[in-house]
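[1] below are the sequence and a predicted model for it; my questions follow.
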Amino acid sequence: MAIILENSKISLTIETAGENYTGSRFDWNGTIVSAKFNGIETLGEEKKLFHRNKKIFGRGMHNEFGIKRPIGYDEAAQDGLFPKIGTGWLKKNDVPYFFYTQYPVKPLDFDYALAGDDEDGENPTKAIFFCNSGTCNGYAYEYTKEITLLENGFSTKYTLKNTGEKTLETDEYVHNFLRLGKSKTKKGQKLIFGWEIEEAKLIENINPSNTLKINKNEVVFLNTPKNKEFFLGGLSGESVINEDSKIQGKWTLVDENLGISMSETCDFNIEKADLWGHSEAISPELFYSFSIKPGETTSWTRTIEYAEL
């Protein structure tokens, strides 16, 4: 059953592990599938209408570990298991790893708890999700996701402990399927980043409908893309796609038509940033990179805030 966290401005709907999504790509460990600000829905889905399948495609604020850096894949035997953090143990096939492949999943042990402001806990302001991977091929971890309701938004704190014998080295990002007011991607919307974008340094620039225009630290939307996806890879530039990044992750999506904005601020320096989307979703993605030795723990936090223009 979905969990509801709400106050006078914010309403979150959070699905528990296996409630809908059971695919092999995204994290199962608590997923925000609806986030409303003053009654306005701000989240959408990976696929457009008639192509949606809640079991295998992303929704809302689905996050993913190791989209291109799968842990333990190369060393696993064919049909052997490798870990996908927050999802389960996936069965390896006979070709290189591809994030869009639907691998057979051996699920993890998941649980959750609620915490509230009042003594009886009837008005929870926090949902805490847990999973324990067990051990396979020397890999093991404990993973906690803590979602806390704030006055004008919410925060998500991730804590990952390496309880195995091998290092956990990969990255994590939130896909952020944004759709403010359930409107189309269109003129009057723009993304503002916390750094200036160098278009010449983009790793990929797929802009089939000339929907996107880069203006210093902004990506401005000029029209509604027709039947094709757009993608800007490496928005943060080659100089910061490494562990020495000095850029703190932040984006703000402004919708002048609705008169609201939505922003994400990270408490870490980003490994890289990408932008994906289509006519019904805008997805800025900020990557957190980590390497955790056995016995060590890392944590990071992403904070979402809303505002009226």
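    Perfect, I can see it now.

[2] strands of the stretch 201-309 of the chain, residue ranges please.
    Remark: strands assigned in the stretch 201-309 of the chain by DSSP state E, counting those that start in this stretch are 204-206, 212-215, 218-221, 230-233, 248-255, 260-269, 273-278, 281-286, 288-292, 297-308.

[3] check which helices and strands the longest one sits against.
    Going back to what we said before, that points to strand 297-308. The contact analysis (3 or more Cβ pairs under 8 Å, 6 or more residues apart in numbering; DSSP states H and E) places strand 297-308 against strand 153-162, strand 260-269, strand 288-292. Yep, even glycine has a C-beta here, placed from its N, CA and C like the rest.

[4] tell me which of the strands of the stretch 201-309 of the chain sits most buried.
    strand 281-286 (a mean of 24; mean count of other Cβ atoms under 10 Å).

[5] ok, residues contacting it?
    With Cβ atoms under 8 Å, 6 or more residues apart in numbering as the test, strand 281-286 has contacts from 44-46, 173-179, 185, 189, 191, 193, 221, 249-251, 253, 264, 266, 270, 273-277, 302.

[6] CA atoms only for stretch 269-278 - export them in CSV, please.
    Listed next in CSV are the C-alpha coordinates belonging to stretch 269-278 (Å, rounded to 0.1, in the frame of the first residue of the first chain):
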residue,chain,number,x,y,z
ASN,A,269,29.8,17.6,-5.9
ILE,A,270,28.4,15.9,-9.0
GLU,A,271,30.2,13.4,-11.1
LYS,A,272,28.3,14.5,-14.2
ALA,A,273,24.8,15.8,-15.3
ASP,A,274,22.5,14.8,-18.2
LEU,A,275,19.2,15.9,-19.5
TRP,A,276,16.6,13.6,-21.1
GLY,A,277,13.0,14.1,-22.0
HIS,A,278,10.1,14.0,-24.4
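
[7] neighbouring contacts of it?
    Here stretch 269-278 makes contact (Cβ under 8 Å, 6+ apart) with 48, 171, 173, 175, 185, 191, 193, 212, 219, 225, 228-236, 240-243, 245-249, 251, 282-289.
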